Every structure is written in structure tokens, then in C-alpha cells.
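Q: got a sequence here, can you model it:
(2 chains)
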Amino acid sequence: DVKVTQSSRYLVKRTGEKVFLECVQDMDHENMFWYRQDPGLGLRLIYFSYDVKMKEKGDIPEGYSVSREKKERFSLILESASTNQTSMYLCASSTQRTGNNQPQHFGDGTRLSIL
Amino acid sequence: KQEVTQIPAALSVPEGENLVLNCSFTDSAIYNLQWFRQDPGKGLTSLLLIQSSQREQTSGRLNASLDKSSGRSTLYIAASQPGDSATYLCAVQGGSEKLVFGKGMKLTVNP
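A: Down below sits the predicted model:
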């Protein structure tokens, strides 16, 4: 089974801090994704990566950056945390090896509160 | 811009009912449509993926159908159980690796 592990289930940070959310997958997947999920707004894509050191902006990249130095790890960085970044953050991965029709596999999420 | 809609937003039913969950999308140019389940406070679990060339997929008590031309998919749950209570999300994949999600439907199955 694919395992996507997010480093923290709950995180509390202060406004202005630099925040790192980590995600690791164990299936050698090429694609990795960061989403945020908010009530009434659903899941929105922040960034995704289709290879090491490659990244593409999603729908809401403002205030975020990402890092993918190794294939199995994809980090989301909040450069200067603000209260409107309080949310549930979900990481996902998928493979390209057998074509485009592959499901995304999700981690359990990090519930981030910015005070 | 692709938009995915799930109506209703919530559904409460007694145990044992057969259920149909609806998903509609605006752009029929898709690679696939995926159904996910989300338990409270958890991530998403992939249930079924239907490729654009397929009409339906089945897994146990779940059956998902796809009518690409009309922009609709349904998830059929047979003989619902309290353990089926969760939020169900559909998502479509278009011309890239990105998924566009509906806002989900919260299902409660009462014993």
C-alpha cells in the first residue's frame, strides 16, 4: 500500500513565523501535491511537483513556496505565516509510470493554526 | 475553467438503503473522474477511478458510472451501513496531473 506521511497532525504557530510542512511518500511516485481544505471552499491546489526540483503553481500559491530536493519528500513553506493561512493542509502523490490514469494517494493532513 | 458540483451537500439515511451520490462537471475534456472518501479529521481515500473511455467501475458495494458527454457521474452505494458515514468527494483530471474537486457530500447512515 502507498504510504504518504505528513510530519505533523496538528501545528500551532504565530503570525510572521516561517512554517515548514513536510510530506514523505514511500512509493517512488513522480508527482506530489499540496492542497489546503477549508469549509465551504473545498480542496484547493497550492503547488505540485512532477519531478525532483520541478514545481508548478496551483490555484492559490500566494504566500507559499515549496521544495523538492529528493523524490520522496515535498515540503510546503509558509514564508511569513498569517491568520488566513489557518487551515487543513493535505499532501498527495501519484505515479506517471503507467499513464495518466492513476489515483492520487493522500496523507492524513496537518491542521495548522496561526495565532 | 472546470467546475465540479456535488448536490446535495449533505444526506442522512437509515441503514440498508441503496444510495446514489451525484457529481457534475462543466468541461467534458477529462482524462478520468475519481471518487474519494474522507473521514472526519483525516485525509482522502481513493475509492474508484473511471477513465474517460470507461462507463463504470465497481468495487464491492460501490459502483461508479460516468457519462462524459453530459458531464455527470454517479456513485452508487448498495445496502448502506453506518460505517459508510463520511464525506464523499469527486474530482476530475483534465489535461495535466491536476485534479479539480467538488466540495463533497456529507453522508450519515443511521443505525
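Q: for burial, what's the neighbour tally of residue 65?
A: You didn't say which chain, so I picked chain A. Using other Cβ atoms under 10 Å in any protein chain shown, A:S65 is surrounded by 13 other residues. For glycine as for every other residue, the C-beta is placed from the backbone atoms N, C-alpha and C.
Q: chain B, not that one
A: Neighbours of B:S65 (other Cβ under 10 Å): 18.
Q: show me what it is bridged to.
A: B:S65 forms beta bridges with B:E56, B:T74, as assigned by DSSP bridges.
Q: surely it is in contact with B:T58?
A: No - contact status for B:S65 versus B:T58: not in contact, 9.8 Å apart, counting by Cβ atoms under 8 Å.
Q: list the residues that contact the residue nearest the centre of chain A.
A: By Cα atoms, centre = their mean, the mean C-alpha position of chain A lies nearest to A:W34, the distance being 2.6 Å. A:W34 is in contact with A:21, A:23, A:45-48, A:58, A:64, A:66, A:74, A:76, A:89-91, counting by Cβ atoms under 8 Å, 6 or more residues apart in numbering or on different chains.
Q: any idea of the mean pLDDT in the host helix or strand of it?
A: For A:W34, the enclosing helix or strand under DSSP states H and E is strand A:31-38. Strand A:31-38 shows a mean pLDDT of 96.
Q: ranges for the strands of the chain?
A: Defaulting to chain A. Under the criterion DSSP state E, chain A contains strands at A:4-6, A:10-13, A:19-25, A:31-38, A:42-49, A:56-57, A:64-70, A:73-78, A:87-94, A:105-106, A:110-114.
Q: wrong one, I was asking about chain B
A: Under DSSP E, chain B gives strands at B:4-5, B:10-14, B:19-25, B:32-38, B:44-51, B:56-59, B:62-67, B:72-77, B:86-93, B:99-101, B:105-110.
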